[in-house]
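Engineer: Sequence and predicted model, in that order:
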Amino acid sequence: MTERLDGPQAPPEETSGGPASGPADTPRKQRRLGPSPMMAVAFLLPAALLLGIWVVYPIVYSIFRSLFDAPGDGFVGLGNYVTIFTDDGMLKTIRNNLIWVVAAPIMVTALGLIFAVMTERIKWATAFKLIVFMPMAVSLMAAGVIFRLVYDEDPDKGVANAILTTVHDTFSSSQGYPGARPREGDQSAVAAGDDGAVVTKQPAQAGQPVLIPIVGVKPEFMPAAAQPAAAVTGGDELSGTVWFDFTPGGGGVSGAVDTTEKGLPGMTVEAVSNGQVAGTATTAEDGSFRFEGLPAGSYVVRLPQANFEGAYNGLTWLGPTLITPAIIGAFIWVWAGFAMVLIAAGLAAIPRDSLEAARIDGATEWQVFRRITVPLLSPVLLVVFVTMIINTLKVFDLVFIIAPASVQPEANVVALEMWRVAFGGGNNQGLGSALAIFLLILVLPFMIMNIRRFRREDT
Amino acid sequence: MTTATAPAPAPTHAGAPQRGLVGRIVDRLGGGALQVVMVLLGLFWLVPTLGLLVVSLRTPEVNAAEGWWTIFTKPAEITFESYSSLLASGFTASFWNTVAITVPTTVLVIGIAAMAAYAFAWMDFKGRDTLFLIVVGLLIVPIQIALIPVAVIYGGVGIFGTIPGVVLFHVAFGLPFAIFLLRNFFVGIPSSLLEAARMDGAPEWKIFVQIVFPLGKPAIASLGIFQFLWVWNDMLIALVFANTESQPMTKALQSQMRQFGTNIDILSSGAFMSLIIPLILFFAFQRYFVQGMMAGSVK
């Protein structure tokens, strides 16, 4: 894999015997011509020292340190590891990592595959690749700030909720009246129900207009189109008026439709019989409503709670429930380009003949993709997938930056918890070391996998 | 030709011209839809960064009042106020710290890894293959494993919180990838070149400097850009091993995160400052960037 992708940049005069085996195949000749082992030591020494002190020794030290308590004096055996698997906060952390590992790699790989296939069919593929690949160059810290802005809860500021509310309002235009409530009292015909709805106290019949006086409508929610309220008279159908029972500047009669008062358009009105909604109407600009085609009888008239809710404001992305999916979204934004570029390179290496042969044999595009392209790509897909698993296990910056401090326990992951426990105020190096070893154990299978694959390919 | 050799041509043949026409129309429409989808996806990837840029170019008051996308209707609101308050807050020092950490790290990693890679590729010594497999294994060791032990060492030696401490940590953790990448490239250098030089009695360091290093330029360029971006963008190592004197931009910005709402002017302009150099490098050298990524993707 590595060798092949790496191929084009290697010097073209590569010898036929495969240079990797060159020195190994001719030990005698090498020993005679080549440098002394001391020379090799000299060339390797700086790297060996750095790797030994900063990488290998710390692994050994951490194993020992993880068996001791916070100050490092008391031997606790596997106590720190027991804490990892019993503490509630830690279990939530592990659960979050599990969500990450299950969701993120598959989504990044799938998206990368889709993008790679799609870019083969457009003329501006290079531009598209550059755009999607660009986040790779940006620090995760900056990406975190970027997504804090994207996920801002206020739809007037955060682009995610701005899009959601725009889409939502395109499909349902109901404008609510948050904070509004019925005028209550003995004279009033309506009262607030248990579920936030407004209901008539007595069942109403056709020909007997239902008056629903509402107060507490805030000026900013008063539709510009509202007309002076009109009382409905007569008719064979159940009808009535929903209006704002308030005369600006005083005056007017409570509970009566005054011409100085405005109707409340756009209210959903339900006629309820025996607990079943028998008919639905919407108020006009003067606040009047009329149930058409409703069977004669007596009904309780109800304004459902939805009328009194504010406009749709999108999702609380940075709240406790959505925080992990939201951060995974940012992770996908960062890594999709990596997956796409790698898979596109694999795609370009697939021999066109085999695809053409299948097409000539009458295979559909989907069959070609499923049966030929994907299997031929499977080595690249595996590399991308495994790389993403390792990255999700190590994910730190994005969670640390995007999750607000109050929500961070809900979004916590092992790599972040390790830092918090040891440096971010916890000051428990025993538990911190245990978490670091835990992280190492999680990536160990992939380490072994890498070594095995390298051995297979290189020798 | 095809229909003649196909085993059951009759049904397909009869429907072929019609399906061809329909298929072409579907293709045309599908192509158009694909273009639209791709444009939308491109926007999806572009918009978050664009938002950061616009927010950094408006006053905090305007940002608190309305979404950044309203800039398109009132472009006159653009101002560099946030950037001047960023500079006034002493951010410049952390910018130079980032440079002082990134440049030496990149140079050291290239130099040290190239030497080791040359030994692994072209010198014969006992245990060479085993040692190299260890390097391959170290490719994905999580940085977390070394935070505590190295903090203890630095405390003892007295370089905790200093730029050299941060640099050395970065160099060590950059080496496995660097050695891996360069060794795989050096191995492809024609052995005739090296043997000729050795036959002439050239010393190893001379072969390394005058033959291997120049021939390895493409791989070294890939490694250099990769290493530079990796260190420039790091936050975790800085968080642990730098103090307020030696902190790079990422750590300086992180310390402002708690008051995200009120610090948005400094955070947005600072984040943009921190990503502008990586973006320039990325667009200038994206070929090397992609090559390095692919060569290293055994990770």
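Structural biologist: Yep, that arrived.
Engineer: Tell me the secondary structure of A:Val199, please.
Structural biologist: At A:Val199 the chain is in strand, as set by DSSP: H, G, I helix; E, B strand; the rest coil.
Engineer: Now for it: which residues touch it?
Structural biologist: By CB atoms under 8 Å, 6 or more residues apart in numbering or on different chains, the contact set of A:Val199 is A:Val190, A:Ala191, A:Gly193, A:Val272, A:Val300, A:Val301, A:Arg302, A:Leu303. C-betas here are computed from N, CA, C, even on glycine.
Engineer: try A:Phe43
Structural biologist: So A:Phe43 contacts B:Met115, B:Ala116, B:Tyr118, B:Ala119, B:Met123, B:Glu204, B:Phe208 (CB under 8 Å, 6+ apart).
Engineer: Chain A next: which of the residues you listed are close?
Structural biologist: Restricting the contacts of A:Phe43 to those near chain A by CB under 8 Å from any CB of the partner chain leaves B:Met115, B:Ala116, B:Tyr118, B:Ala119, B:Met123, B:Glu204, B:Phe208.
Engineer: quick one on the thing from earlier: from the contacts of A:Val199, keep the buried residues only.
Structural biologist: For these, a burial check counting by 16 or more other CB atoms under 10 Å in any protein chain shown picks out A:Val190, A:Gly193, A:Val272, A:Val300, A:Val301, A:Arg302, A:Leu303.
Engineer: that older thread, among the contacts of A:Val199, which lie within strands?
Structural biologist: Counting by DSSP state E, the members of the contacts of A:Val199 that fall within strands are A:Val190, A:Ala191, A:Val272, A:Val300, A:Val301, A:Arg302, A:Leu303.
Engineer: For A:Val301, see how far away the nearest residue to the last one once chain neighbours are set aside is.
Structural biologist: In this case it means A:Leu303. Here the nearest residue to A:Leu303 in space, its sequence neighbours aside, is A:Val198; by CB to CB, 6 or more residues apart in numbering or on different chains that works out to 4.2 Å. According to CB to CB, to the nearest Å, A:Val198 and A:Val301 sit 9 Å apart.
Engineer: list residues touching both of the two?
Structural biologist: Residues touching both A:Val198 and A:Val301 (CB under 8 Å, 6+ apart): A:Ile212.
Engineer: Is it correct that B:Asn63 is in contact with B:Thr262?
Structural biologist: No - taking CB atoms under 8 Å as the definition, B:Asn63 is not a contact partner of B:Thr262, at 11.0 Å.
Engineer: ok so, going back, so which of the ones next to chain A among the contacts of A:Phe43 wins on neighbours?
Structural biologist: Within the ones next to chain A among the contacts of A:Phe43, most neighbours by other CB atoms under 10 Å in any protein chain shown means B:Ala119, with 29 neighbours.
Engineer: mind checking the SS state of that residue?
Structural biologist: Secondary structure state of B:Ala119, per three-state DSSP, is helix.
Engineer: what about it, distance to B:Ile211?
Structural biologist: Taken as CB to CB, the span from B:Ala119 to B:Ile211 is 15 Å.
Engineer: neighbour count winner among B:Asn63 and B:Thr262?
Structural biologist: B:Asn63 (22 against 12).
Engineer: Could you find the closest non-adjacent residue to that one?
Structural biologist: Once flanking residues are discounted, B:Asn63 sits nearest to B:Val55: 5.5 Å by CB to CB, 6+ apart.
Engineer: Same question for B:Arg58.
Structural biologist: B:Glu77 (5.6 Å).
Engineer: Near chain B, which residues of the stretch 151-300 of chain A are found?
Structural biologist: A:Asp156, A:Lys157, A:Gly158, A:Val159, A:Ala162.
Engineer: swap the cut-off to 10 Å and go again
Structural biologist: A:Tyr151, A:Asp152, A:Asp154, A:Pro155, A:Asp156, A:Lys157, A:Gly158, A:Val159, A:Ala160, A:Asn161, A:Ala162, A:Ile163 (CB under 10 Å from any CB of the partner chain).
Engineer: I'd assumed A:Asn313 was in contact with the third one.
Structural biologist: Yes - counting by CB atoms under 10 Å, A:Asn313 is a contact partner of A:Asp154 at 7.9 Å.
Engineer: Between these two, which contacts overlap?
Structural biologist: A:Asn161 (CB atoms under 10 Å, 6 or more residues apart in numbering or on different chains).
Engineer: one step back: need the max-distance pair from the ones in strands among the contacts of A:Val199.
Structural biologist: Taking CB to CB as the measure, the ones in strands among the contacts of A:Val199 span a maximum distance of 14.2 Å, between A:Ala191 and A:Val272.
Engineer: So B:Ala117 is in contact with B:Asn184, correct?
Structural biologist: Yes - with contact defined as CB under 10 Å, B:Ala117 counts as touching B:Asn184 (8.3 Å).
Engineer: Spit out the residues that contact the two alike.
Structural biologist: Residues touching both B:Ala117 and B:Asn184 by CB under 10 Å, 6+ apart: B:Ala219.
Engineer: for the helix or strand hosting B:Val240, packing partners?
Structural biologist: B:Val240 belongs to helix B:236-241 when assigned by DSSP states H and E. Here helix B:236-241 touches helix A:140-150, helix A:397-402, helix A:414-422, helix B:91-122, helix B:144-157, helix B:163-186, helix B:249-254, going by 3 or more CB pairs under 10 Å, 6 or more residues apart in numbering or on different chains; DSSP states H and E.
Engineer: quick one, strands of the stretch 351-459 of chain A?
Structural biologist: Counting by DSSP state E, counting those that start in this stretch, one finds no strands in the stretch 351-459 of chain A.
Engineer: I'd like to know how far A:Asn427 sits from B:Phe160.
Structural biologist: Distance check for A:Asn427 against B:Phe160: by CB to CB, it reads 15 Å.
Engineer: neighbour count winner among these two?
Structural biologist: Neighbours per residue, other CB under 10 Å: of A:Asn427 and B:Phe160, the larger number sits with B:Phe160, 18 against 12.
Engineer: Could you find the closest non-adjacent residue to that one?
Structural biologist: Closest to B:Phe160 by CB to CB, 6+ apart is B:Tyr154, at 4.0 Å.
Engineer: how about low-confidence regions in the chain?
Structural biologist: You didn't pick a chain, so chain A it is. Low-confidence regions of chain A, defined here as pLDDT under 70, cover residues A:1-34, A:172-175, A:234, A:310, A:459.
Engineer: try again with chain B
Structural biologist: Within chain B, the stretches with pLDDT under 70 are B:1-30, B:296-299.
Engineer: Now do the domain split for it, please.
Structural biologist: Here the domain parsing of chain B from automatic domain parsing is B:2-79, B:85-295.
Engineer: ok now do residue 182, which residues does it touch?
Structural biologist: I'll assume chain A. So, once contact is read as CB under 10 Å, 6+ apart, A:Pro182 ends up touching A:188-193, A:197-200, A:212-216, A:242, A:245, A:303, A:308.
Engineer: that's the wrong chain, I wanted chain B
Structural biologist: By CB under 10 Å, 6+ apart, the contact set of B:Leu182 is B:110, B:113-118, B:120-121, B:212-213, B:216, B:219-220, B:222-223, B:295.
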